[in-house]
Every structure is written in C-alpha cells, then in structure tokens.
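*Asks:* structure for this input, please:
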Amino acid sequence: MIKKFKYTCKQCGQEQIVELDITKYKIYKIVCKKCGFSRLINNQTGILNPYYASIPSSTNLKSKNKNIYSKKKFLSLNVFEVFTNFFEIFFNFIKDFFYNINSILIKFIFLFLLGLFLIFLGGGILLTSQIIFFQEDEYLNGLNQNQPNVIYDQNQKILSELFDVKIGNLTYKEIPEDFINILLFVEDKSFFSHGGIDYFGVMRAIIQNLKSFEFSQGASTITQQLARILLNQREKTLTRKLKEAILALKLESRFTKEEILTYYVNHVYLGHGAYGFQNAARFYYNKELSELNFTEMLSLACLPSRPEYYSPLRNFHRLENKMDHVFRRLQEEKPKFFKINETTYNRQKQQIRSALNRSPSETVFGNKIDYAPYVSDFIRNRLKQILGEDFVVSKGLKIYTTIDMD
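*Replies:* Residues are numbered from 1 along each chain as shown. Sure thing, here's the model as predicted:
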C-alpha cells in the first residue's frame, strides 16, 4: 500500500511529494531535490524526527559545512531534547528491527538480550546516582562515638560510667600483634592488599549463592564490615550491599589500613552488649585483650559474623565447632604466627569452658562501674538540665567531683 506525504525541506524550504510503502513499518531517508539535505521519515505517520539525520547528502557540499551544521544543530538542542530524541531513535530502531525479524526464536533471544541490557543500564544509573548523592560524612561521624561518660573522684579514680553503648578505645599499637594475625586469618586474609572490596571473594560468594539459590554467603572485607556497622544495617539486600561497598571505598580513601582496623576492633559487636574486642575480653574472660592466650583470642575472632549464634555463654558447642574448623585451616596453611600444637589448643579450650561462669542472659550493662549510685543519679540529672537529654550517656564526657573514694 502506497501513501503520499508532503515533505518540506528544513534547509531550503523546498516542498515535494514523496510516496512510501506503508505495508510494513519502516523509516525512509528523504533527500531534498534542490539542496541535497536529508531527513528520516516514519512511513506510518509521516512524522519527521529532528535528530535522526541532519547533514546534507549532496556531494557538492564541503565536509566542513556539514560539520558546522551538525554542531549548530546539536548545540541548539537542550538536554531534555537530546535525551528524548536519543530514546526515540533507540526505541524506533528496536521496533523496526523487531518487526523485520521472522524467526520466533530470534525474537525471543533479542528480547532476552534487550532485557539484560536494560537491567544493566538501570543498575548503572542506580550506581551512579548512589555515588553522586552519597553523603559519607553522615556515617563517618559515628566513628569513636558512644564513649561512656566517666565520673571521677577528686583523686581521678573512676566512680561511675554512664553509657547505653560502650565501644572500645584501643589504639593500633595497643592491639596485640598475635590477635591481629588471628583476626585477619578468620575475617579478611587480604586486608592489607585489597582496596576495600575483595572482588575475588565477591565472585566466590556469587557462585556459592547461585549454587544454593539464595543469598546465603557474603564476601565482606573488614572495611565493608566497618561500613555496615556505620550504616547500622545488617539485612542482606542489594541496596545495603551497594551502600556498604561505596562507604567501604570512601573509608579506604580517607583512612589508613591501620586506622580502619583500629576502628573495626573498637566498634564491632560481639554479643551480650559488648562492642569492641577489649570490652568483650573483659566481659567473657575478665582479662585485658593483651592478656589472652591463643585460644581465647581465636574464640573472640570467631564471633563477629554471628555473635549471638556463637555466644560462648549460650552456644559454646557452636563456637567450638567454628574454632576447630579455623584451627584445621591453620594446620593446613601453617602461617608464620601459628606456633601452637593441638594438645595445647585442646587444653586451653577446656580451660575456657571451665572459666565461663556467667549467666547466659548476662550483659555488659550488669558490669557497669558504679561505686556511688547516688552520685551517678545526681550527675545524670545535672547533665540533663545543663546539656540536654542527649548528653546524659555515651558522649565521652569526663566529669570530676569533689568526692574522695578513700
């Protein structure tokens, strides 16, 4: 079926009649008989697209003039028009290509590949927007917060601590080297070599998740775990993982590896209200972190992934299974820091079992230092009156009194 269209050249204004076959959707190139300027026309509606083609096709015109015209035309379009025209071209091309395919199988493959392309395009747009609009300072301000308010007597002895969340306050030099080695072996062996994200680990986790048909295995580095702590989100969603990855890269660009590891050691949650390995060592073993033996350090290093599930007080058998698994890996890989034999390991493990005499429901809040409860209540009320409710606990304040504990 032939249909006539009236075409007016945008270059010279010359009018001419064109006849097009409208039996099947197609886009034709129309060339002005007077000046040689070309345009593309839709054979179904006759609508001219302003961005399809905008250069003269006559061989008499110089290429320099063609380039000048193209640049002027492009610059005359605003951003919205550019995107609108681009997508119009794209979808018209897809439509034209699709209707000219006769094989159902090829059409199915084409639609499948198109769907994948749109998914990746959407993911790229989402990733770009997250990176552009992500405000890391909002989360990085949480580092080294939640230090307890400490009340001292006139001799600078601690009377009481006021906190709802108490993180550790170790410096990097105060973290035992043996503990660092054990922790990195358990959680992130390539910590000092990766840039915040272990891409090989991510690929391993993806393969494992595809095998199990669920989001069962993570691939979080210590930097990503610190990012998750700052985000305060533990659910396994793609949005959270995306934010976690972006924040991890921001952490790596702003802090040294030693600073990141120190923040992690002080902030990670280890069960029963204990934040940081120093506080966990005091709670579970009534020792400083530097005083722990190899097996006690290993038990704490196994807690971050699932602190309540591996709780030494509630589920020691689960913790023991994980410790034994890590110990077997140590025996196989024989890192330089690994110097303990299996007999010593089993003896220390039995000592741990015997030494854990706390109630399974006990928390660090039951171990707050509070030698003068009446003074604590007075200080709480004064802080509320002077500074406000937000400063009553966990703001790192040091409060000195005239009380003499002696």
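*Asks:* now do the phi/psi pair for the closest residue to Thr8 other than its chain neighbours.
*Replies:* The shortest distance from Thr8 to any residue other than its chain neighbours is 5.1 Å, reached at Glu15 (CB to CB, 6 or more residues apart in numbering). In this view, the C-beta of every residue, glycine as well, is placed from N, C-alpha and C. Taking degrees, to the nearest 10, you get phi -100, psi 150 for the backbone angles of Glu15.
*Asks:* Glu15 against Lys6, yeah?
*Replies:* Yes. With contact taken as CB atoms under 8 Å, Glu15 and Lys6 are classed as touching, separated by 6.5 Å.
*Asks:* okay, now the residue nearest to Thr8: neighbour count?
*Replies:* The burial count assigned to Glu15 is 10, neighbours taken as other CB atoms under 10 Å.
*Asks:* how much space between it and Ile27?
*Replies:* Summarising the geometry, the distance separating Glu15 from Ile27, computed by CB to CB, to the nearest Å, is 21 Å.
*Asks:* what of Asp164?
*Replies:* If you go by CB to CB, the gap between Asp164 and Ile27 works out to 67 Å.
*Asks:* same deal with Tyr7?
*Replies:* In this structure, Tyr7 and Ile27 are 14 Å apart, going by CB to CB.
*Asks:* now do the shared contacts for these two.
*Replies:* Overlap of the contact sets of Tyr7 and Ile27 (by CB atoms under 8 Å, 6 or more residues apart in numbering) consists of Ile41.
*Asks:* neighbour count winner among Asp164 and Ile27?
*Replies:* For Asp164 versus Ile27, neighbours defined as other CB under 10 Å are more numerous around Ile27 (18 against 11).
*Asks:* name whatever forms a beta bridge with the nearest residue to that one once chain neighbours are set aside.
*Replies:* Excluding the flanking residues, the one nearest Ile27 by CB to CB, 6+ apart is Leu40, at 5.3 Å. The bridge-partner assignment for Leu40, based on DSSP bridges, gives Lys29.
*Asks:* thought Leu40 was touching Lys26?
*Replies:* No. Using CB under 8 Å, Leu40 is not in contact with Lys26; the gap is 10.4 Å.
*Asks:* quick check: mean pLDDT across the helix or strand where Phe327 lies?
*Replies:* Per DSSP states H and E: Phe327 is located in helix 316-333. Within the predicted structure, the mean pLDDT of helix 316-333 is 96.
*Asks:* now swap in stretch 359-370 and tell me
*Replies:* 83.
*Asks:* could I get the CA-only coordinates of that stretch as CSV?
*Replies:* Below are the C-alpha coordinates for stretch 359-370, written out as CSV (Å, rounded to 0.1, in the frame of the first residue of the first chain):
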residue,chain,number,x,y,z
SER,A,359,24.7,-16.4,83.2
PRO,A,360,23.7,-16.9,79.5
SER,A,361,21.4,-13.9,80.0
GLU,A,362,24.0,-11.6,81.5
THR,A,363,25.2,-8.5,79.6
VAL,A,364,27.9,-5.8,80.0
PHE,A,365,25.3,-3.5,81.5
GLY,A,366,25.4,-5.6,84.6
ASN,A,367,29.1,-4.8,84.9
LYS,A,368,29.0,-1.1,84.8
ILE,A,369,31.3,0.6,87.3
ASP,A,370,29.1,2.4,89.8
